[in-house]
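**Q** model the following, please.
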Amino acid sequence: MLEDQPILRAEQARSARALLQWSQADLAKAADVGVSTIADFEKGQRVPITNNLSAMRGALEAAGVRFTPGGASLLQQLSLFLMSESNGAEFQLHYTVEAADAVAEVLSIFGKVEEGVASFDPVQSATAALKQSLEDLVSKHSAAVPQLHRLKKFVQVLRDDEYFLLLPEKAASTAEQLERERHVFRLNHPDEQADPDGMHNLFGTLLARYDMSSPRTDRPTVIGKMDRARLKCRFCDRTATEGATFKSAAHAIPTALGNDHLKVANECDDCNNYFGRETEPSLVAMLDIQRAFLGIQGRGKNDGRPQLTFAEGKVFHDGKKLNIASKDVSKADKTGAISVHLGKGAPMIPVAAYKALVKIVLSVIDAKELSHLEKTIEWLRESKHRDQVLPNVAATVVDLPPNPSAQITVYRRKDETSRLPHLVGEFRLGCYVFVFAVPFSDRDSWDLVGFFEDAVFRDTFKHFASVPRWSQNNLNGQDKVFLSPRIKMVPRNP
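**A** Numbering: from 1, shown residues only. Sure thing, here's the model as predicted:
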């Protein structure tokens, strides 16, 4: 936008509202500004401050309005959700009325488009003919609708004749998502058992009681709306008009744990700085040895890999192997086991580590759930409710190939009333797994202490109950402690 052009003109605001059939009150609500601000602006009595103008324009654009020097026009919108065996992607096509014919021609590859109404068979096959037709038409019309490139890319990487689903919307629940995945599997492998590993027996009860979400950490993923003019911080509830800024990249999982992709749009700079100063360092310190063993790459020297210094030694990963140096090393004569005492290491506050885990969950859940978590956010951000005992954090090591980035899975209870926790987090760093409950939700009727050993929980989370060894970690401590790890290395049996 040129410097001498205003963010929004009064006549543009009026015409945009007319296209959307919005009243001034509708725009005020969407932009989080006063009705009088809009009324005075459209009358030419005063020009709102820059933040309010940006918020008004952002609200109108989010509703589908495109501004031009001559006025405003309403964009058309079409949502599609594609699912293959290896991927699922949602496509939001925004296009002008003039480009509607181009979109219809491309979509006609998948079904019928008559009088502007599209009808598709949900089961599609990536035939060579379909791929070529899509290539030709997207090349022809991509200037008018650039988003069509993503649609083409999704189909082109599929195997020839591979079946995939074309649906009007994402699955409404985890159970529906799993059923779609089974359907795609059966289409592509008609002679194979649809549930060869018995996943339904393991997860059936869980999916009946919980919805699951696990955002991607292996590619750029942003949680929340990207329009800064309309952002509201999910932790302090402030907007740009109330002084909040959203300039820094807010990572849902600390970068020191290998995450550089999963970010949060609606976390303000003040909250981002607070968590980076008060809670996340304790979680990172608690996981120092695990980070070093895995060679987790964050940022900084040594390609971002941990270089840990202790009172009695050092631990670091050189990119190929783990290196341990210590003044206190012993070897058992009978077993050959080597024990290494490293001495005092980095400081951490146990409850701050718990808060950092909970903060990860609150970063990625649907913002609608935050209304149930007001006390949780007070505890997290304002250190209130300090006297309530927190449930333990369960930890184990699983025999799975390490992932280069930490991962979070969130389980959200469907029923309003239940002894099961409202929100359960599963935090995974390579082969290390931590399971915890989010405290203080108004959808929980008890303090959740001992939830992991509860019979109903273990019957629901059968995949946790199937793991034989869990340790229970009490992270209630509010004072600074220094970890003093001991490492024991046992020879493998020949």
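**Q** does I109 count as helix, strand or coil?
**A** Three-state assignment for I109 (DSSP: H, G, I helix; E, B strand; the rest coil): coil.
**Q** my guess is it contacts L137, does it?
**A** Yes. Assessed by C-beta atoms under 8 Å, I109 is found in contact with L137 at 6.8 Å. Heads up, the C-betas are built off the backbone N, CA and C, glycines and all.
**Q** now what about stretch 454-461, what contacts it?
**A** 205-206, 209-210, 411, 418-421, 424, 451-452, 464-465 (C-beta atoms under 8 Å, 6 or more residues apart in numbering).
**Q** hmm, which of these is lowest in pLDDT?
**A** Within the set of those, pLDDT is lowest for S418 (85).
**Q** which residues sit in contact with the nearest residue to that one once chain neighbours are set aside?
**A** Nearest in space to S418, with sequence neighbours left out and distances taken as C-beta to C-beta, 6 or more residues apart in numbering, is R209 at 7.5 Å. Taking C-beta under 8 Å, 6+ apart, we find R209 in contact with 413-415, 418, 420, 460.
**Q** if you set the cut-off to 10 Å instead, what comes out?
**A** Counting by C-beta atoms under 10 Å, 6 or more residues apart in numbering, R209 touches 175, 411-415, 418, 420, 456, 459-461.
**Q** just the buried members of those?
**A** For the contacts of R209, a burial check counting by 16 or more other C-beta atoms under 10 Å picks out 175, 411-413, 420, 460-461.
**Q** closest to E61 among the residues you listed?
**A** Nearest to E61, judged by C-beta to C-beta, of the buried ones among the contacts of R209 is R412 at 30.8 Å.
**Q** doesn't the closest one belong to a helix?
**A** No. Counting by three-state DSSP, R412 is not part of a helix but strand.
**Q** for it, give me the pLDDT.
**A** As predicted, R412 sits at a pLDDT of 95.
**Q** tell me the phi and psi of the closest residue in space to it that isn't next to it in sequence?
**A** Among residues not flanking R412 along the chain, D211 sits closest, at 4.8 Å (C-beta to C-beta, 6+ apart). Note on D211: backbone dihedrals following degrees, to the nearest 10 are phi -100, psi 140.
**Q** can you count the residues close to D211?
**A** Neighbours of D211 under the rule other C-beta atoms under 10 Å: 19.
**Q** that one and V410 touch, don't they?
**A** Yes. Using C-beta atoms under 10 Å, D211 makes contact with V410 at a distance of 8.7 Å.
**Q** what do those two both touch?
**A** Counting by C-beta under 10 Å, 6+ apart, the common neighbours of D211 and V410 are D366.
**Q** re the thing from before, now the contacts of stretch 454-461 in JSON lines, with distance to E280 and secondary structure?
**A** Formatted as JSON lines, those follow (distance: C-beta to C-beta, whole Å; DSSP: H, G, I helix; E, B strand; the rest coil):
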{"residue": "T205", "distance to E280": "34", "secondary structure": "helix"}
{"residue": "L206", "distance to E280": "29", "secondary structure": "helix"}
{"residue": "R209", "distance to E280": "31", "secondary structure": "helix"}
{"residue": "Y210", "distance to E280": "27", "secondary structure": "strand"}
{"residue": "Y411", "distance to E280": "23", "secondary structure": "strand"}
{"residue": "S418", "distance to E280": "31", "secondary structure": "coil"}
{"residue": "R419", "distance to E280": "31", "secondary structure": "coil"}
{"residue": "L420", "distance to E280": "28", "secondary structure": "coil"}
{"residue": "P421", "distance to E280": "23", "secondary structure": "coil"}
{"residue": "V424", "distance to E280": "21", "secondary structure": "strand"}
{"residue": "F451", "distance to E280": "24", "secondary structure": "helix"}
{"residue": "F452", "distance to E280": "24", "secondary structure": "helix"}
{"residue": "F464", "distance to E280": "25", "secondary structure": "helix"}
{"residue": "A465", "distance to E280": "31", "secondary structure": "helix"}
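**Q** name the element the spatially closest residue to I109 that is not a sequence neighbour belongs to?
**A** Computed as C-beta to C-beta, 6+ apart, the closest residue to I109 that is not its neighbour in sequence is S133, at 5.1 Å. Using DSSP states H and E, S133 sits within helix 128-141.
**Q** about what we covered before: now do the contacts for the residue nearest to R412.
**A** With C-beta under 10 Å, 6+ apart, D211 has these contacts: 171-177, 366, 410-414.
**Q** contacting residues around the residue nearest to C233 when sequence neighbours are not counted?
**A** Leaving aside its sequence neighbours, C233 sits nearest to C268 (C-beta to C-beta, 6+ apart; 3.9 Å). Contacts for C268 were tallied using C-beta under 10 Å, 6+ apart; they are 231-240, 242-248, 250, 274.
**Q** ok, now with 6 Å
**A** Contacts for C268 (C-beta atoms under 6 Å, 6 or more residues apart in numbering) come out as 233, 244, 246.
**Q** is F67 in a helix, a strand, or coil?
**A** Using three-state DSSP, the structure places F67 in strand.
**Q** and the gap between it and N302?
**A** To N302, F67 is 49 Å away according to C-beta to C-beta, to the nearest Å.
**Q** what's the answer for A240, then?
**A** Distance from A240 to N302, by C-beta to C-beta: 38 Å.
**Q** look up phi and psi at the residue nearest to C233.
**A** Dihedral pair for C268: phi -70, psi 160, per degrees, to the nearest 10.
**Q** and it, what's its pLDDT?
**A** pLDDT, C268: 94.
**Q** cool, and G243?
**A** 88.
**Q** so what's N273 closest to, chain neighbours aside?
**A** Closest residue to N273 apart from its sequence neighbours, by C-beta to C-beta, 6+ apart: S248 at 7.8 Å.
**Q** doesn't the one you found belong to a helix?
**A** No. Membership of S248 in a helix is not supported by three-state DSSP, which gives coil.
**Q** neighbours of it, how many?
**A** Going by other C-beta under 10 Å, the residues that sit close to S248 add up to 13.
**Q** same check, this time on G58
**A** G58: 22 surrounding residues under other C-beta under 10 Å.
**Q** walk me through which strands the helix or strand that contains A395 pairs with, and which way each runs.
**A** If you go by DSSP H and E, A395 is part of strand 393-397. Sheet pairing for strand 393-397, assigned by DSSP bridges, gives strand 432-437 (antiparallel), strand 471-473 (antiparallel).
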